[in-house]
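In: sequence plus the predicted model coming up.
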Amino acid sequence: MLLSRCRLLYISGLSTAALAARNLFGASASPLYPAEQCSKWGYINGKGTMMIAPRFEIAWPFSDGLAPFKQDAKWGCLDTTGTVVLSPRFDEARNFQSNLSPVLRGALWGFIHADGSFGIPLQFDSARSFQDDRARVYIKGKWGFITADGRLAIQPQYDGANGYNEGLAPVQKAGKWGYIDKAGDNVIPSQFALAQSFNEGLAAVQVEGAWGFVDKAGATVISPSFDEVDEFSEGLCPVQSKGQMVLYRQVWKTAIQGSYAAAGHFTDGLAAVEEGTLSEYINHKQTVIWRAGNQCSKTARLPRDPGYRHSGL
């Protein structure tokens, strides 16, 4: 997601392992990033070159080598060459993970394979992409989790849920969020106003209107002090705060500091940011790799991350 309030900083975990870029596209493919020009979406590479010409109404990031796009009010899917592999036919579609993509047809959701055939039939009131071998599904007003064969791993019982990652998932009951493991056992008791999925060993939680981070034992690692946060990725996390950020428990520091109006987490070495009226992709050195905003009378936009990675598209 893109954060969009007040002052924005990136914080870095010094104890995090090397900043190896995440590969969401398959081992042999180069990363591609959605970007808009003149109200149409296409894809740039890591050098800022437009590789797939803008022609889609909406285009989401790639995962498993495929990306959902919207054209003429219907959703289809393309590969990293720009070839449409599934013609637009669904009312909504989300990212492929575990070789399955949630799709909406009419009032019900199911999961399709890359060839368009249904791996899990239409039956859910809502559904999200697989994360950590589990997918969230919504049935009769409650959230549960299924496996890739369509079996209910966790019965629908939660008022809210985010995706599994690193073996844990945030769930909501009676207005409070906590974390469960894959067996459905409570690992971190329900106590937070809001909670995000774990990434790089940390999860963002909201307490009394402020965001901080906890570890898998539920211990506070970064005290709640931010107006808004995203998630740690490649050792960095965008946060927003009205005040300065200096040091956290001697292992956290300000790594990137700027006057961005909005920013998303890093993926494969780049992050989407908005600076004034300009939308950009930057690298870890804050070098602008691609900039939109001057090609058309309407300012170009960068994608609002649909959350396919850990918040759960």
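Out: That came in fine, so what should we check first? It should be emphasised that the depicted structure is a prediction, and the values quoted were computed from it without experimental measurement.
In: for Gly201, give its distance to Cys38.
Out: 41 Å (Cβ to Cβ, to the nearest Å). From N, CA and C alone the C-beta is placed, and that goes for glycine too.
In: more neighbours, those two?
Out: Counted by other Cβ atoms under 10 Å, Gly201 and Cys38 do not tie: Gly201 has more neighbours, with 15 against 11.
In: check contacts around that one.
Out: Gly201 sits next to 16, 166, 215-216, 232 when contact means Cβ atoms under 8 Å, 6 or more residues apart in numbering.
In: from Ser241, how far out is it?
Out: 22 Å.
In: swap in Leu278?
Out: Counting by Cβ to Cβ, the gap from Leu278 to Ser241 is 23 Å.
In: between those two, which has more neighbouring residues?
Out: Each of Leu278 and Ser241 has its neighbours counted (other Cβ under 10 Å); Ser241 has more, 19 against 16.
In: neighbours of the residue nearest to the more buried one when sequence neighbours are not counted, how many?
Out: Using Cβ to Cβ, 6 or more residues apart in numbering and skipping the chain neighbours, the partner closest in space to Ser241 is Phe226 (5.0 Å). Residues lying near Phe226 (other Cβ under 10 Å) number 26.
In: so Phe226 sits against Ala210, correct?
Out: Yes: counting by Cβ atoms under 8 Å, Ala210 is a contact partner of Phe226 at 6.4 Å.
In: which secondary structure element of this structure has the lowest mean pLDDT?
Out: strand 247-248 (a mean of 28; mean pLDDT, DSSP states H and E).
In: residues near Glu200, how many?
Out: Neighbours of Glu200 using other Cβ under 10 Å come to 18.
In: any idea how far it is from His265?
Out: In terms of Cβ to Cβ, Glu200 sits 10 Å off from His265.
In: shared neighbours, those two?
Out: With Cβ under 8 Å, 6+ apart, Glu200 and His265 have common neighbours 232-233.
In: tell me who's in contact with Trp211.
Out: 204-205, 224-229, 239.
In: as a markdown table, the residues you listed with secondary structure and pLDDT would be great.
Out: Formatted as a markdown table, the contacts of Trp211 follow (DSSP: H, G, I helix; E, B strand; the rest coil; pLDDT from 0 to 100):
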| residue | secondary structure | pLDDT |
| --- | --- | --- |
| Ala204 | strand | 95 |
| Val205 | strand | 98 |
| Pro224 | strand | 94 |
| Ser225 | strand | 89 |
| Phe226 | strand | 88 |
| Asp227 | coil | 87 |
| Glu228 | strand | 86 |
| Val229 | strand | 88 |
| Val239 | strand | 85 |
